[in-house]
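Colleague: Mind looking at a prediction? Sequence and model below.
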Amino acid sequence: MEALEQFCRSLHRPARRRRSSQPRMWTEKDMLHGETVDAFVCIMQTSGCRWSRRSGCTMCGYYADSIPGVEETQLQEQLEMAAARYQGEPVVKIFTSGSFFDEREVPGEVQRRVLQTFYEQADKVVVETRPSYVPGLDDVADVVPPGKSLSVAMGLESANDRVLEYAVNKGFTFADWEQAAEHVRGAGFEVKTYVLLKPPFLTEEESIQDAVATVDAAAELSHAMSLNPVAIHGNTLVEYLWKRGLYRPPWLWSVAETLKQASQRFSGQLTCDVVAGGKQRGAHNCGDCDAAVLEAIAEFTLQGKRDAFQAVSCNCREEWLDSREIGGFLQG
Ligand code: SF4
Ligand SMILES: [Zn+2]
């Protein structure tokens, strides 16, 4: 829809100016072969997502982390900084706030060097890409050592093309994602699927149903899935609506409910990254129970404790149930 594409683009502000192009790095927990392990995360600063420059998804402000016109030598320097910080964690996640396999964002030679560098010690590397750049994978496939895995993460968000077009402004269809996922699997690699919880214009109940339906639809082609509750990034359509009282990030109860239903439909690794959890800009409850529910979400996903949500309760659950029931009427 052209009007939505243009409006999303009009909300963008120029990327922040930086003195140096230093990657952001940290260590977090992840799962590998059923065990909780350390994962090294590196966010390289590239020229950013090409879709974001043209229009961009309604909830995504990652374009602000990009460096327009970044040179290949700067990307190489970032790789050296990351290699110096890396301590042999078995899982390595290399993110670019865009598409690793987009040659214009990460030149093919840099893609190869990144993978070669980390595969010296890592068992698994995770990269992100939009489906249209997946064919670029074929040019680096030979760098992945036998017995080690490459996970290609794609933000599907929703399996419903109407949600993709009118709520997320994703710029591709479910069929595009399916084709790319088949390509990844055909090359012998893993598909990680990001599922969005509560795009704008959906009620609380609709968003739970849409996320669960997406897990259902994507289960067969996915090795792993991540449920991503919307967090409000600056200068996005979601922020525009939120500031006018027209959008609330999902309840943490909705995150819990979606995870419970999703786990009955998908037997692979199911994670959930609650960005800004418990804050006004992230998935939140009443404030009193947020920490307990976030803890239960971590136990459910990272430790596989399927009864993690039974122990948490709060009076605000009633309010959440009401919002599920009458959200459609309130939204008109
Ligand atoms: S969500 Fe992904 S595809 Fe959409 S604008 Fe952001 S980086 Fe690009
Ligand atoms: Zn509460």
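Modeller: Cool, the structure landed. Ligands and ions are numbered 1, 2, ... in the order given.

Colleague: Show me the beta-bridge partners of the residue nearest the centre of the chain.
Modeller: Per CA atoms, centre = their mean, the C-alpha nearest to the average position across the chain is that of residue 194, at 5.0 Å. Listed beta-bridge partners, residue 194: residue 155, residue 226 (assigned using DSSP bridges).

Colleague: Residue 318 versus that one, what's the distance?
Modeller: Residue 194 sits 31 Å away from residue 318, taking CB to CB, to the nearest Å as the criterion. Backbone N, C-alpha and C define where each C-beta goes, glycine included.

Colleague: do residue 275 as well
Modeller: For residue 275, the distance to residue 318 - CB to CB - is 26 Å.

Colleague: Helices of the stretch 51-200 of the chain, residue ranges please.
Modeller: 72-85, 108-119, 161-163, 174-186 (DSSP state H, counting those that start in this stretch).

Colleague: picking up where we left off before, which one of residue 275 and residue 318 is surrounded by more residues?
Modeller: residue 275 (15 against 9; other CB atoms under 10 Å).

Colleague: which SSE is the more buried one in?
Modeller: For residue 275, there is no enclosing helix or strand under DSSP states H and E.

Colleague: neighbours around whatever residue of the stretch 151-300 of the chain ends up closest to ligand 1, how many?
Modeller: Closest to ligand 1 within the stretch 151-300 of the chain is residue 155: 4.9 Å, counting by CB to the nearest ligand atom. By the criterion of other CB under 10 Å, residue 155 has 22 neighbours.

Colleague: My guess is it contacts residue 131. True?
Modeller: No. In this structure, residue 155 is not within contact of residue 131 by CB atoms under 8 Å, at 9.2 Å.

Colleague: What parts of the stretch 151-300 of the chain come near ligand 2?
Modeller: Proximity of the stretch 151-300 of the chain to ligand 2, by CB under 5 Å from the ion, involves residues 285-286, 288-289.

Colleague: now the residues you listed in a markdown table, with secondary structure, neighbour count and pLDDT?
Modeller: Converted to a markdown table, these look like this (DSSP: H, G, I helix; E, B strand; the rest coil; neighbours: other CB atoms under 10 Å; pLDDT from 0 to 100):
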| residue | secondary structure | neighbour count | pLDDT |
| --- | --- | --- | --- |
| 285 | coil | 25 | 98 |
| 286 | coil | 15 | 98 |
| 288 | coil | 10 | 97 |
| 289 | coil | 20 | 98 |
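
Colleague: give the contact list for residue 294.
Modeller: 252, 274, 277-278 (CB atoms under 8 Å, 6 or more residues apart in numbering).

Colleague: Filter these down to just the ones in helices.
Modeller: residue 252 (DSSP state H).

Colleague: Scan the contacts of residue 294 and report the most crowded one.
Modeller: Neighbour max across the contacts of residue 294 (other CB under 10 Å) = residue 252, 29 neighbours.

Colleague: wait, that one sits on residue 276?
Modeller: No. The pair residue 252 / residue 276 is not scored as a contact, 11.5 Å apart, by CB under 8 Å.

Colleague: any common contacting residues for these two?
Modeller: residue 283.

Colleague: Show me what the helix or strand residue 322 falls within is packed up against.
Modeller: For residue 322, the host element (DSSP H and E) is helix 316-331. Packing contacts for helix 316-331, counted by 3 or more CB pairs under 8 Å, 6 or more residues apart in numbering; DSSP states H and E, involve helix 204-218, helix 252-263.

Colleague: got the contact list for the residue of the stretch 151-300 of the chain closest to ligand 1?
Modeller: So residue 155 contacts 57, 128, 130, 170, 194, 196, 228 (CB under 8 Å, 6+ apart).

Colleague: Which single one of those is nearest to residue 238?
Modeller: For the contacts of residue 155, the closest approach to residue 238 (CB to CB) belongs to residue 57, at 9.3 Å.

Colleague: shaky segments in the stretch 1-150 of the chain?
Modeller: Scanning the stretch 1-150 of the chain for pLDDT under 70 picks out the ranges 1, 15-20.

Colleague: What residue in it comes nearest to ligand 2?
Modeller: Closest residue of the stretch 1-150 of the chain to ligand 2, CB to the ion: residue 59 (24.3 Å).

Colleague: Let me know how buried that residue is, in neighbour terms.
Modeller: Neighbours of residue 59 (other CB under 10 Å): 26.

Colleague: What sits closest to it if chain neighbours are left out?
Modeller: Of all residues not flanking residue 59 in the chain, residue 238 sits nearest, at 4.5 Å (CB to CB, 6 or more residues apart in numbering).

Colleague: Equivalent analysis for residue 205, please.
Modeller: Nearest to residue 205 is residue 324, by CB to CB, 6+ apart, at 4.4 Å.

Colleague: Provide a list of residues in contact with that neighbour.
Modeller: 203-205, 208, 254.

Colleague: Now for those residues: which two are most distant?
Modeller: 203 and 254 (10.5 Å).
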